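K.L.:
Need coordinates for the below:
(one chain, ligands or ions: 2)
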Amino acid sequence: MAQYVSVAVPVPHLGRLTYRVPPGMRVARGARVRVPFRARRMLGAVVEVHEGLPPETIVAGLDASRIKDLVAVLDDDPLLPEPVIALASWVADYYLSGIGEAVATAVPAMFFSPSRDVDFKYSRVAVPTAAAHADAFVPKLGPRQRMLIERLRAEPLGVATATLADDGIGSSVVAALVDRGLVTIERVRTNRDPFAVAVAIDEAREAAKADVVLSDEQREALDRLTSLARASRFSATLVQGVTGSGKTEVYRRLAREVCALGRRVLILVPEIALTPAVAATFRHTFGERVAILHSALSDGERHDQWHRIRRGDIDVVVGTRSAVFAPLDRLGLIVVDEEHDGSYKQETAPRYNGRDVAVVRARDAGALVVLGSATPSLESLQNALSGRYEHLRLLRRVQDRPLASVTIVDMRAEYAARGPEVIVSEALHGALTERLARGEQAIVLLNRRGFSPSLFCRQCGESFACPNCSVSLTYHKRQHRLRCHYCDFAKPAPPACPSCHGDVLEYQGVGTERVEEEITRLFPAARLARVDRDTVRRRGEIVDVLGRFARREVDILVGTQMLAKGHDFHGVTLVGVISADVGLGMADFRASERTFQLLTQVAGRAGRGEIPGDAFVQTLFPEHAAIVHAVTQDYDGFAAHEMEFRRDMRYPPFVSMIAVTTRARTMPEALDIARECARHVKRHAGDAVRLVGPAPAPLQQLRGQFRAQVFVKSVDRAAARRAVRVAIEAMRDRLRDITVDVDPHTVL
Ligand code: ADP
Ligand code: ZN
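P.N.:
Ligands and ions are numbered 1, 2, ... in the order given. Alright, predicted model coming up:
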């Protein structure tokens with residue numbers, strides 16, 4: 001009987017393809033093969049081997065004589081491990097993506113294009129020599145040369161010459177110091193191992209952790225989790241522990257126990273560069289047996305890491321979302337740290353949630369999965385309440401440190417008293433003054449970058465919208481440009497109104513760049529740094545800034561939500577939120593939950609050391625449930641309130657939801673496509689689903705296209721998915737204009 005294979009090729013929306021194995025060719029599941037596809041040849045991965053025609057071709061009525069032969073087999077030993085094939089297949093099925101897209105997400109890029117050059121990129125880095133560190137005064141330096149020396153003394157790992165040039169220290173300045181033996185130039189991989197820096201930050205503290213005595217709560221959680229891990233079968237636990245309750249320490253010890261049992265560990269974090277503490281902790285404990293996988297690695301580095309894991313050289317993988325597909329065997333434990341975080345959701349196909357895939361992987365592997373957070377997602381909470389997950393709680397900070405005490409600042413009163421231009425309230429100003437006087441540190445959060453989110457003409461009211469998207473352009477002062485935060489359109493900021501030529505343009509609203517300017521004005525002597533996507537263009541940069549903050553070389557750190565995640569800075573005793581309201585007005589059913597999480601998390605950055613912390617939250621809506629509960633740090637109160645809203649409005653976790661977004665050159669066309677899709681779904685699923693829409697999407701226009709949406713809601717998850725699958729099969733020729741998002745995280 002002839003042998004056939006089902007093959008995944010990395011092409012969007014495509015299901016498994018069937019090929020015949022020519023006589024004499026040997027091939028196994030997981031091997032890469034070269035196949036004829038349309039007019040060319042492509043690499044694919046074998047996801048199944050069949051003796052005789054596979055059932056899907058029989059169902060499709062395919063004639064065996066039309067099935068093409070494999071061209072070649074690349075791997076004698078299958079490269080793709082069994083559990084990864086199973087997981088990628090589950091992802092393609094559940095998230096309604098092509099199988100090839102799912103496999104491509106699971107493997108390094110070189111898997112499907114092995115001929116590609118290993119793209120290690122190098123950059124030139126200026127590194128201080130011993131002479132530069134010598135205390136003796138170095139005579140006859142120019143002001144720029146002196147600046148460079150100061151800077152390098154603070155950053156002994158060196159600074160990329162490109163970064164120096166950005167900051168006005170040109171190559172001639174660097175060259176002069178090289179000539180004097182104060183600086184050397186090294187060629188360094190552009191994508192430096194974030195571990196290296198993280199470890200440099202935390203070495204002393206990591207060493208100290210080895211002998212901390214666990215709190216009673218930590219001990220109980222660890223004991224329970226250890227016994228679940230020992231059972232060697234699937235179970236899921238939600239670990240809900242307040243910020244600073246020592247969850248990371250519990251994961252570390254649990255990982256050690258699991259490794260001692262001869263099983264392997266996967267630790268997922270929202271973003272490696274933002275969680276250096278977690279990375280450093282695991283690197284310190286497991287040394288060379290740790291691998292990291294994350295998006296900032298070059299293709300070459302990812303390839304190396306992947307193969308080290310594949311060979312079995314690795315016991316612990318720490319990584320972001322896609323690390324859930326790491327080719328580990330004998331998996332005993334998966335930890336999803338900050339499980340509520342939106343960055344676990346991939347916003348391109350396959351639109352999977354790494355947290356949910358982790359649960360499936362643990363189930364397949366017979367492993368323990370731990371979902372940890374101070375502010376669990378309502379989905380995970382619901383699973384805990386219904387008994388699907390075990391629920392462990394850590395209610396207190398380690399060493400009985402108090403949570404930050406949070407104060408609401410009602411900006412309506414502030415504006416009434418001091419005018420509408422106020423950025424830093426009197427209360428926050430006073431608190432910052434105090435901290436600076438005492439040499440303590442502060443974090444100031446505003447979840448909006450740029451100088452001001454919109455600009456309009458005082459005289460005629462003209463405003464400045466993106467030509468491609470239905471949003472206003474954000475003014476960026478340092479670049480003196482107007483930018484779209486959705487499509488990256490940018491143009492120079494106009495000197496006068498283009499319609500009436502009036503020259504009074506008003507900057508409306510506040511972004512982090514403006515906050516930085518204001519705080520510099522208020523506290524000229526303070527050492528300030530800003531962290532947002534404009535200041536940290538290169539991945540390594542955030543680690544550098546956070547490192548300086550950890551070493552207390554910075555007094556006040558201003559930034560966006562990047563600052564709120566998981567950091568453990570012991571010198572921070574004050575957190576200020578410039579506006580808690582950013583994001584609350586979004587037409588998104590998770591807006592409230594996200595705001596609550598952000599505020600609770602950022603308040604959780606204060607008072608993690610010896611000295612208790614304070615937080616000030618500025619808002620125009622002091623009665624809003626998300627803000628009220630964040631201020632009292634009352635997760636249970638918030639969750640009860642929000643669950644009621646979700647139940648009443650039939651939103652997740654009470655129904656499953658699939659968002660279908662369509663795109664076209666006009667809104668009527670986009671709505672037509674959405675209607676056609678809705679008809680297919682309704683015809684197939686009948687009363688098993690409820691459709692909301694089609695209607696214009698909240699973000700009506702994006703990158704020049706109009707967008708419409710229809711939501712498929714159902715209590716029968718599988719039925720809804722089947723119906724949408726039928727709809728997209730029926731609309732194959734339009735799939736370029738349709739996005740299907742199962743369990744969407746944002747619905748703009
Ligand atoms: P979480 O992840 O719950 O916010 P972390 O794990 O970051 O908390 O712990 C907060 C801080 O407390 C860290 O600096 C950690 O090293 C320290 N820590 C953890 N457990 C203990 C303990 N039992 N005793 C003293 N310090 C601890
Ligand atoms: Zn735009």
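K.L.:
Would you mind naming what in this protein lies close to ligand 1?
P.N.:
Residues of the chain lying near ligand 1 by Cβ under 6 Å from any ligand atom: 209, 212-215, 218, 241, 243-249, 398-399, 568, 608. In this view, the C-beta of every residue, glycine as well, is placed from N, C-alpha and C.
K.L.:
make it 5 Å
P.N.:
212, 214-215, 241, 243-249, 398, 568 (Cβ under 5 Å from any ligand atom).
K.L.:
how about TSV for those, with distance to residue 268 and neighbour count added?
P.N.:
Formatted as TSV, the residues of the chain next to ligand 1 follow (distance: Cβ to Cβ, whole Å; neighbours: other Cβ atoms under 10 Å):
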residue	distance to residue 268	neighbour count
212	24	12
214	23	16
215	25	19
241	17	23
243	19	24
244	21	24
245	19	26
246	19	23
247	14	27
248	13	22
249	17	17
398	23	19
568	18	20
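K.L.:
And the residues you listed, which is closest to ligand 2?
P.N.:
In terms of Cβ to the ion, no member of these lies closer to ligand 2 than residue 243, at 35.5 Å.
K.L.:
excluding its backbone neighbours, what's nearest the closest one?
P.N.:
Nearest residue to residue 243 in three dimensions, chain neighbours excluded: residue 604, at 2.5 Å (Cβ to Cβ, 6 or more residues apart in numbering).
K.L.:
and the one you found, how many residues sit next to it?
P.N.:
26 (other Cβ atoms under 10 Å).
K.L.:
next helix or strand past the helix or strand of the chain with the lowest mean pLDDT?
P.N.:
Here the helix or strand of the chain ranked lowest by mean pLDDT, DSSP states H and E is helix 194-209, holding a mean of 54. Beyond helix 194-209 in the direction of the C-terminus, DSSP states H and E gives the next helix or strand as helix 216-230.
K.L.:
What pLDDT does the model give the residue of the stretch 401-550 of the chain found nearest ligand 1?
P.N.:
Proximity of the stretch 401-550 of the chain to ligand 1 (Cβ to the nearest ligand atom) peaks at residue 401, 8.3 Å away. Looking at residue 401, its pLDDT is 87.
K.L.:
which residues touch it?
P.N.:
244, 607, 608, 612 (Cβ atoms under 8 Å, 6 or more residues apart in numbering).
K.L.:
got a list of what the first one touches?
P.N.:
Going by Cβ under 8 Å, 6+ apart, residue 244 touches 397, 398, 401, 403, 568, 604, 607, 608.
K.L.:
right, and the pair among those with maximum separation?
P.N.:
Within the contacts of residue 244, two members stand farthest from each other by Cβ to Cβ: 403 and 568, at 14.5 Å.
K.L.:
so where is the stretch 101-250 of the chain shaky, pLDDT-wise?
P.N.:
For the stretch 101-250 of the chain, the stretches flagged by pLDDT under 70 are 114-123, 134-139, 154-157, 166, 187-210.
K.L.:
would you list every one of the strands in it?
P.N.:
122-128, 159-160, 183-189, 235-241 (DSSP state E, counting those that start in this stretch).
K.L.:
which of those is buried the deepest?
P.N.:
strand 235-241 (a mean of 23; mean count of other Cβ atoms under 10 Å).
K.L.:
Sort out which residues of stretch 453-461 are buried, please.
P.N.:
Neighbour counts over stretch 453-461 (16 or more other Cβ atoms under 10 Å) mark 453, 454, 455, 456, 457, 459 as buried.
K.L.:
Dump the C-alpha coordinates for that stretch into PDB.
P.N.:
Only the C-alpha atoms of stretch 453-461 are listed here, as PDB (Å, rounded to 0.1, in the frame of the first residue of the first chain):
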ATOM      1  CA  PRO A 453      -2.000  63.100  22.100                       C
ATOM      2  CA  SER A 454      -3.600  65.800  20.000                       C
ATOM      3  CA  LEU A 455      -3.100  69.200  18.600                       C
ATOM      4  CA  PHE A 456      -5.700  71.700  17.400                       C
ATOM      5  CA  CYS A 457      -5.900  75.300  16.100                       C
ATOM      6  CA  ARG A 458      -7.100  77.800  18.600                       C
ATOM      7  CA  GLN A 459      -8.500  80.000  15.900                       C
ATOM      8  CA  CYS A 460     -10.500  77.700  13.600                       C
ATOM      9  CA  GLY A 461     -10.600  74.500  15.600                       C
END
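K.L.:
Contacts for it next, please.
P.N.:
Contact with stretch 453-461 is made by 462-464, 472-475, 482, 493, 497, 499-500, 502, 504-511, as judged by Cβ under 8 Å, 6+ apart.
K.L.:
and what of stretch 482-497?
P.N.:
449-450, 455, 457, 459-460, 462, 464, 466-469, 471, 473-476, 479-481, 502-503, 505, 699, 702-704.
K.L.:
low-confidence ranges in this structure?
P.N.:
114-123, 134-139, 154-157, 166, 187-210, 273-276, 538-540, 566.
K.L.:
quick check: longest helix of it.
P.N.:
What stands out as the longest helix in the chain, according to DSSP state H, is helix 667-685.
K.L.:
what's that helix packed up against?
P.N.:
strand 656-664, strand 690-702, strand 705-714, helix 717-730 (3 or more Cβ pairs under 8 Å, 6 or more residues apart in numbering; DSSP states H and E).
K.L.:
how far out from the middle of the chain is it?
P.N.:
Here helix 667-685 is found 32 Å from its chain centre; the criterion is Cα atoms, centre = their mean, to the nearest Å.
K.L.:
buried set for it?
P.N.:
For helix 667-685, a neighbour-count test (16+ other Cβ under 10 Å) marks 667, 669-671, 673-674, 676-678, 680-682, 684-685 as buried.
K.L.:
Could you provide the strands of the stretch 101-250 of the chain in a markdown table, with additional columns for distance to ligand 2?
P.N.:
As requested, the strands of the stretch 101-250 of the chain are exported to a markdown table (distance: least, Cβ to the ion, whole Å):
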| stretch | distance to ligand 2 |
| --- | --- |
| strand 122-128 | 31 |
| strand 159-160 | 30 |
| strand 183-189 | 34 |
| strand 235-241 | 39 |
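K.L.:
When you filter the contacts of stretch 482-497 down to buried only, what's left?
P.N.:
Applying 16+ other Cβ under 10 Å to the contacts of stretch 482-497 flags 449-450, 455, 457, 459, 462, 464, 466, 468-469, 471, 473-476, 505, 699, 702 as buried.
K.L.:
Restricting to those residues, which residues neighbour ligand 2?
P.N.:
Among the buried ones among the contacts of stretch 482-497, the ones lying near ligand 2 by Cβ under 5 Å from the ion are 466, 468, 469.
K.L.:
how about the first one, what does it touch?
P.N.:
Residues in contact with residue 466, defined by Cβ under 8 Å, 6+ apart, are 472, 473, 484, 486, 487, 489.
K.L.:
which one of those residues has the most neighbours?
P.N.:
residue 473 (24 neighbours).
K.L.:
doesn't residue 464 make contact with that residue?
P.N.:
Yes: the pair residue 473 / residue 464 is scored as a contact, 4.8 Å apart, by Cβ atoms under 8 Å.
K.L.:
follow-up on the earlier one: distance to residue 589 for the helices and strands packed on helix 667-685 - can I get that in JSON lines?
P.N.:
Output for those, formatted as JSON lines (distance: least, Cβ to Cβ, whole Å):
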{"stretch": "strand 656-664", "distance to residue 589": "9"}
{"stretch": "strand 690-702", "distance to residue 589": "11"}
{"stretch": "strand 705-714", "distance to residue 589": "10"}
{"stretch": "helix 717-730", "distance to residue 589": "17"}
